[in-house]
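K.L.:
The amino acid sequence is not available; the structure is as follows:
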């Protein structure tokens, strides 16, 4: 049996993750075999690893080089630099991955593998969330959790689309960072009380949940939309005045989970857009940690402890 190295769930390791030998992948029709150079961590998959059985594999974000193009002739050719998103069960944190070509996008020469690896889950979540607001030129857009991986990209993408961006964060030490990303106003408030003062909003993109989500829903303008894609506060139930919500509407409250969104538009299309924006300087991924993948457990634990903002990149060495 041919083997490769991959990150697996290891209950005895820090962060319950370590690099071990596993069976090499085999590409099916319409799949390319990619040699992975860089991956990035996302909170959902790292939290999943804390409850998964030993030997399970995780990981969605990766960037690398096509070692074998799809046998049906579709997708990028052998030798192409690519970024891709694997389904949660597709084991992207490994030396090689077999992935549908529709989940890949070619990289411009001036986009690095670490930059590219930040884009799949965080960038596509930001992109699809903002699209729910339609045309954003001249509109007020609220981004909560704006110092996180998704939030930081959403601020940049909304500003590039012509919106006036209001960013909510937990710590004032992150104020300059989100202003540099394009926020016109920054709300430093975990309670959500200041969100209404700065409204109304055409679109609110929420990562926090709890009282912050309640405040965002209450601060929507007529025709406004609130998209929730996360609940970093840990508070998954809310109370709000439903009478005000429909009387002041019409409003839309949209729960976004990335992978169903990709049923309508394959990941490769959005990744090509995002990689192009990085190449043009309109999108600057925030990489806070860049380390060897042999440190995956330590870096994963830091993510769980919220020890850094932005993205963590692991280099396969």
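P.N.:
Okay, I see it. Quick caveat, the model's predicted, so the values are computed rather than measured. Numbers count the residues shown, from 1 in each chain.
K.L.:
Can you tell me how far the most centrally placed residue in the chain is from residue 42?
P.N.:
When Cα atoms, centre = their mean is applied to the chain, the residue found nearest the centroid is residue 122 (1.2 Å). According to Cβ to Cβ, to the nearest Å, residue 122 and residue 42 sit 7 Å apart. Backbone N, C-alpha and C define where each C-beta goes, glycine included.
K.L.:
Between these two, which contacts overlap?
P.N.:
Residues touching both residue 122 and residue 42 by Cβ atoms under 8 Å, 6 or more residues apart in numbering: 61, 149.
K.L.:
Could you confirm the residue nearest to the centre of the chain falls within a helix?
P.N.:
Yes: assessed with DSSP: H, G, I helix; E, B strand; the rest coil, residue 122 lies in a helix.
K.L.:
Please list all residues in contact with it.
P.N.:
40, 42, 61, 149-150, 153, 311.
K.L.:
contacting residues for the residue nearest to residue 249 when sequence neighbours are not counted?
P.N.:
Counting by Cβ to Cβ, 6 or more residues apart in numbering, residue 249 lies nearest to residue 222, which is 6.7 Å off, once chain neighbours are set aside. Shown in contact with residue 222 (Cβ under 8 Å, 6+ apart): 200, 248-250.
K.L.:
so where does residue 222 fall, helix or strand?
P.N.:
Using DSSP states H and E, residue 222 maps to strand 220-228.
K.L.:
what element comes up after that strand heading to the C-terminus?
P.N.:
Following strand 220-228 in sequence order, the next helix or strand is helix 242-247 (DSSP H and E).
K.L.:
was I right about residue 104 contacting residue 77?
P.N.:
No: counting by Cβ atoms under 8 Å, residue 104 stays clear of residue 77, with 11.3 Å between them.
K.L.:
Overlap in contacts, the two.
P.N.:
residue 66.
K.L.:
Quick one: neighbours of residue 280, just the number.
P.N.:
The number of residues packed near residue 280 is 12, by other Cβ atoms under 10 Å.
K.L.:
Please tell me how far it sits from residue 313.
P.N.:
Residue 280 is 21 Å from residue 313, by Cβ to Cβ.
K.L.:
before we move on, what about residue 262?
P.N.:
Residue 262 is 22 Å from residue 313, by Cβ to Cβ.
K.L.:
Who has more neighbours out of the two?
P.N.:
The neighbour count for residue 262 versus residue 313, taken as other Cβ under 10 Å, is higher for residue 313 (26 against 18).
K.L.:
That one reaches residue 37, doesn't it?
P.N.:
No: under the criterion of Cβ under 8 Å, residue 313 is not in contact with residue 37, lying 10.3 Å apart.
K.L.:
which residues of the stretch 1-150 of the chain fall in strands?
P.N.:
For the stretch 1-150 of the chain, the strands defined by DSSP state E, counting those that start in this stretch cover 3-9, 17-23, 31-40, 61-68, 81-85, 96-100, 104-106, 140-144.
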